[in-house]
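[1] would you be able to build a 3D model of this:
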Amino acid sequence: MPVIDVYGMRGNVVIDRDERAEGQDSLVFIHGAGGSVSSWQAQLDYFNRSFNCLVMELPGHGAAQGPGAQEIKSYALWIRGALDELGVASPFIIGHSMGGAITMDLALRFPALPKGLVLAGTGARLRVDPGILEGIKSDFSQTVERICGFSFAKDVPKEMLEVATAEMMKNSPDVLFGDFLACDRFDAMQEIEAITVPTLVICGDQDTLTPIKYARYLADRIAGSRLDIIEGAGHEVMVECPEQFNKKAETFLRSVEGADA
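    Numbering: from 1, shown residues only. Purely as a prediction, here's the structure:
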């Protein structure tokens, strides 16, 4: 796991390359607020045989010790620097929730960088309930449980919710507060139409944190984009319904590759 220190921020990159993936396109996965590489394990297992997969563990998250950021731009610049250092050009960028905001920021700031985008459970604006921000500071564990309770469909296995809660609890209160503050400050509603690369928007039909109307807003304003709604999934769509998520993403990725060919 390479440790990448750029712009004064230190994060990790999990690189999962199969020998058969030499010369294939790269997929860059960006987790959401309070997430880590574990958010994308089902996608690594699925895509690593036919793509070069890189999971960005944002500064301060998971095994990446140290401070995080309080602006989406800061995370985006770190990822751009990390990709430059690793020599990764023209990747597909796949972002969930806050990671989707980072993905959009990258596409707007560096339009020549991505080959295509997958925006999962995210929106052009990510306002946060002030009670969440206050709660992270005053009652961290209860607030994490509250966040995770909102993040899944109603009928998910209890074990899945427990694992997600335990993973988010590994973050420091300062890092988690910074993530949600960065989300609250993010607003690309007036800029989103400037994204011109092929884009897939994915949303769970039971997502209450970034509901379907957020996904439709993106799909309506990003030219040539497509929208896929996964039934029975909440906000953590790629964790709850990995098979459907992976197949929809793969269909999109192959369509872009086919158009390029």
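[2] ends of stretch 27-44, what's the gap?
    Start-to-end span of stretch 27-44 (Cα to Cα, to the nearest Å) is 10 Å.
[3] quick one, strands of the stretch 151-261 of the chain?
    Using DSSP state E, counting those that start in this stretch, the strands found in the stretch 151-261 of the chain span residues 199-204, 226-230.
[4] just name the most buried of the ones you listed.
    Sort the strands of the stretch 151-261 of the chain by mean neighbour count, taking mean count of other Cβ atoms under 10 Å, and strand 199-204 sits at the top with a mean of 27. C-beta here means a position set from N, CA and C on the backbone, and glycine is covered the same way.
[5] which neighbouring elements make contact with that strand?
    strand 116-120, helix 212-221, strand 226-230, helix 237-240, helix 242-260 (3 or more Cβ pairs under 8 Å, 6 or more residues apart in numbering; DSSP states H and E).
[6] could you list the residues in contact with that strand?
    Where contact means Cβ atoms under 8 Å, 6 or more residues apart in numbering, the residues beyond strand 199-204 that reach it are 116-121, 153, 210-212, 214-215, 218-219, 222, 224-230, 232-238, 240-241, 245, 248-249, 252.
[7] can you list the strands that that strand pairs with?
    Counting by DSSP bridges, the strands paired with strand 199-204 are strand 116-120 (parallel), strand 226-230 (parallel).
[8] can I get these in a markdown table with mean pLDDT and distance to Leu83?
    Converted to a markdown table, those look like this (pLDDT from 0 to 100; distance: least, Cβ to Cβ, whole Å):
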| stretch | mean pLDDT | distance to Leu83 |
| --- | --- | --- |
| strand 116-120 | 98 | 14 |
| strand 226-230 | 98 | 25 |
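[9] dump the ones you listed to a markdown table, plus distance to Asn48.
    Below are the strands paired with strand 199-204 laid out as a markdown table (distance: least, Cβ to Cβ, whole Å):
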| stretch | distance to Asn48 |
| --- | --- |
| strand 116-120 | 16 |
| strand 226-230 | 22 |
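[10] hang on, the earlier thing: what subset of the contacts of strand 199-204 is buried?
    Buried residues within the contacts of strand 199-204, counting neighbours by 16 or more other Cβ atoms under 10 Å: 116-121, 153, 210-211, 214-215, 218-219, 222, 225, 227-230, 233-238, 240-241, 245, 248-249, 252.
[11] for Gly62, find the nearest of the strands paired with strand 199-204.
    Nearest to Gly62, of all those, is strand 116-120, at 18.8 Å by Cβ to Cβ.
[12] any idea which helix or strand comes after that closest one?
    Heading C-terminal from strand 116-120, the first helix or strand you meet, by DSSP states H and E, is helix 130-138.
[13] low-confidence ranges, the stretch 151-261 of the chain, go.
    261 (pLDDT under 70).
[14] how about the strands of the stretch 151-261 of the chain in CSV, adding distance to Leu181?
    Shown next, in CSV, are the strands of the stretch 151-261 of the chain (distance: least, Cβ to Cβ, whole Å):
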stretch, distance to Leu181
strand 199-204, 24
strand 226-230, 29
